[in-house]
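S.K.: attaching a predicted model along with its sequence, questions to come.
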Amino acid sequence: MENLTLLPSNQVLIFDVESEYGHFRKFNTTTSPLTYSIPTRPAIAGLIGAILGIEREVSAENFRKGVIPVAELFTKEKASFAVQIINPIKKVNIGFNLLDTEKTVSSFFNVKQRTQIEFELLKNPKFRIYVSLRDSILFNTLFEKLQLNQSYFTPYLGLSQFTATTKFISISSTTKSQRTDFQEVLTAVNLNNVDAENPIEFDYTINNGFKYTSDTMPIEMQSNRIVTEYSEVIIETNGKPIKVKSDNIFHLENIGNILFL
């Protein structure tokens, strides 16, 4: 099991993000895109980059001079992210009319040349994001923008059509838990960060309302969009805590336990 360490400040910035819809496309879907239930770690990095005003590439793998790509700025060594479900996960299917560009350039201007593709979307998604950054300047800048409800670029949840709103919650001091038994965590659980032999204690009580699901999600991605790390991530779709055994649990004062992705 990988032994993660918290970034030196021992401070975690907490904010909420929500939208009417969201879509975080699964890497293994083609014709009818399916969505992850929560934003992936690279998606969270992109969201924070939009708030801070970190520019994307002007063309494939071509960045403006002096711009550090989000993927390099928020590697696992430089940033830790955790995500908590606030609104229960609901998914709907909606058809999108896409332009057919395979025939001729004129198809861009011919409204009859369209293909309808059904997208799986998150309905009324709301998440609580926990952020710890090694760079104190970036951390303070993010804090200021969220506190003032400002964003350099428009934030969105997965697709640019789904503009999002953010709300600053707090900054919390955190300590690494020393317990070795099962503990409740508020956030999504990366199985790479828990006990390999006995990671999760599921609640099988009748009518307990728990609903667990898991997905193989990208965790680390390079600036050229090549994913270098995948992991299985487990969530409770109603946002209830999950009991896990891990050496990487962090306790936030007056909030609870979290586990970074």
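M.R.: Received the coordinates, thanks.

S.K.: count of neighbours near residue 223?
M.R.: 15 (other Cβ atoms under 10 Å). The C-beta positions use only the backbone N, C-alpha and C, and glycine is treated the same way.

S.K.: can you give me the helices in the protein?
M.R.: Using DSSP state H, the helices of the chain run over residues 41-52, 70-73, 136-147.

S.K.: figure out how far the last one is from the centre of its chain.
M.R.: Taking Cα atoms, centre = their mean, to the nearest Å, the mean C-alpha location of helix 136-147 is offset from the chain mean by 19 Å.

S.K.: would you mind extracting the C-alpha trace of it into CSV?
M.R.: Extracted C-alpha coordinates of helix 136-147, given in CSV (Å, rounded to 0.1, in the frame of the first residue of the first chain):
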residue,chain,number,x,y,z
SER,A,136,1.4,28.3,-0.6
ILE,A,137,1.0,31.1,-3.2
LEU,A,138,-1.4,29.0,-5.3
PHE,A,139,-3.2,27.9,-2.1
ASN,A,140,-3.7,31.5,-0.9
THR,A,141,-4.8,32.7,-4.4
LEU,A,142,-7.3,29.9,-4.6
PHE,A,143,-8.6,30.8,-1.1
GLU,A,144,-9.0,34.5,-2.0
LYS,A,145,-10.9,33.7,-5.3
LEU,A,146,-13.2,31.3,-3.6
GLN,A,147,-13.9,33.5,-0.7
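
S.K.: quick one: buried residues of it?
M.R.: The neighbour-count check on helix 136-147 (16 or more other Cβ atoms under 10 Å) flags 138-139, 141-143, 145-146 as buried.
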